[in-house]
Structure formats: C-alpha cells, structure tokens
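Asker: The sequence and its predicted three-dimensional model are supplied below.
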Amino acid sequence: PTITTDSLYKSDTNLFYYFDGFEEWNNVNTFQGKGAFSGIKKGENRFKKFPPYTFEKDKTYQIKLWMYNGVPDALNLYFRLKVDAYDLAKDEWKNQLTLFPDKAEVIYGDWSLVEGEFKVDDVSNEIFISTIGKMNSKAALLLDNLIVMEKGLNIYKIQENNTLFYNNHLIKQPN
C-alpha cells in the first residue's frame, strides 16, 4: 500500500512507502519546500506514529531523513534517531533501529541525510519514529523530507533547476 499525498513517482506500485515533507510546519529554514519539523534536541521528540499492521513481518524497510547540521552540536553529543515498536497489550517498548546522525555520510549544505534499515518483530505493534538527545542540550532540531519505504523501491521526481529527487537524494545536473 502507498501512504502519500505527494507527486513522487515510484518504481513498483505494490511496495510500501511513506513521505512527509513537513509542509504544514511553515518554517524559514528548510531542506526543501516551505516546511520542516521544528523542535528542540533535548529529550525525546516523537514525530511520526504508524498504526498496527502498517508494516509486514520479514520485510526490510529503509528510513531516510534530512537533519539540519548548521549550528554547533546540532547532531552530535549522543543524539539519536530511533525506530521503536510499542506493544499495547504488554505495555512494552522495543527498539527496532538506532542511528547516530553525526555519522551521516551524505551532506548537502547545512543538512545531513540520516539513513538506515529496519524490520518489525510484530506487525500488531505501533511503530514510532523519534529523536532523543541529552537533557541538557539547548540546540534546535530541524527535520525535513522523511521517507520510510520498502527496500527495493525507488522513488523519484524531476524538479526545478535540473534537479532529480531520487530516494531522498538530490542530484543536480552539472552546468
């Protein structure tokens, strides 16, 4: 199933993907578009919840998220991006994936693309995407262009200025 309201193309209409450009968060500083999630790095920020049975067992999913790195200590000091499962019946949390944004390998200006893969243990659990930072952090948190997609899927869109959006990467044609 596809969960999207955007104009992206995908290589296989049978594979799952979710995209959020955070356009409802009208923000001056964005990776792309007019919106970006805005919060503080301190503590936990749960910014996406998927209901039970969104994901299938034994399938691999990819998460790709742009995080703003343009201020001191924006993505370091044990700051993490997490995918967690919540079992309502047992009232238990289980981590599915933890990523360290300061280890991101793709940088585009003041933004870092944080990427990883996960599987869900139990399809009846709710799945949450969140960040967690130290309680004494004073840094701002900006996130943009979240993609969660089934491994093997390619998502793309030809944009203005000869730019290709491909699996949350921006590829510019040389001048």
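Answerer: That came through fine.
Asker: Quick check: mean pLDDT of stretch 46-58?
Answerer: Per-residue pLDDT values over stretch 46-58 give a mean of 95.
Asker: Quick check: end-to-end length of it?
Answerer: End-to-end distance of stretch 46-58: 25 Å, with C-alpha to C-alpha, to the nearest Å as the criterion.
Asker: Check stretch 30-43 too.
Answerer: Separation of the first and last residues of stretch 30-43 by C-alpha to C-alpha is 22 Å.
Asker: do stretch 84-103 as well
Answerer: Counting by C-alpha to C-alpha, you get 20 Å between the two ends of stretch 84-103.
Asker: switch to numbering from 444
Answerer: Okay, using 444 as the starting number, the last item reads as stretch 527-546.
Asker: pretty sure L518 contacts I550?
Answerer: No: checked against C-beta atoms under 8 Å, the pair L518 and I550 is beyond contact range at 10.4 Å. Placement of C-beta: from N, CA and C, glycine included.
Asker: Mind checking which of those two has more residues around it?
Answerer: Counted by other C-beta atoms under 10 Å, L518 and I550 do not tie: L518 has more neighbours, with 23 against 10.
Asker: quick one: that one from L584, how far?
Answerer: L518 sits 9 Å away from L584, going by C-beta to C-beta, to the nearest Å.
Asker: now do W554
Answerer: In this structure, W554 and L584 are separated by 13 Å, where distance is defined by C-beta to C-beta.
Asker: what do you get for I601?
Answerer: For I601, the distance to L584 (C-beta to C-beta) stands at 30 Å.
Asker: and if you look at K492?
Answerer: From K492 across to L584, the span is 18 Å (C-beta to C-beta).
Asker: Look at these two and report which has more neighbours.
Answerer: Between K492 and L584, counted using other C-beta under 10 Å, L584 has the larger neighbour count: 22 against 12.
Asker: tell me the SS of that one?
Answerer: For L584, the assignment made with DSSP: H, G, I helix; E, B strand; the rest coil gives strand.
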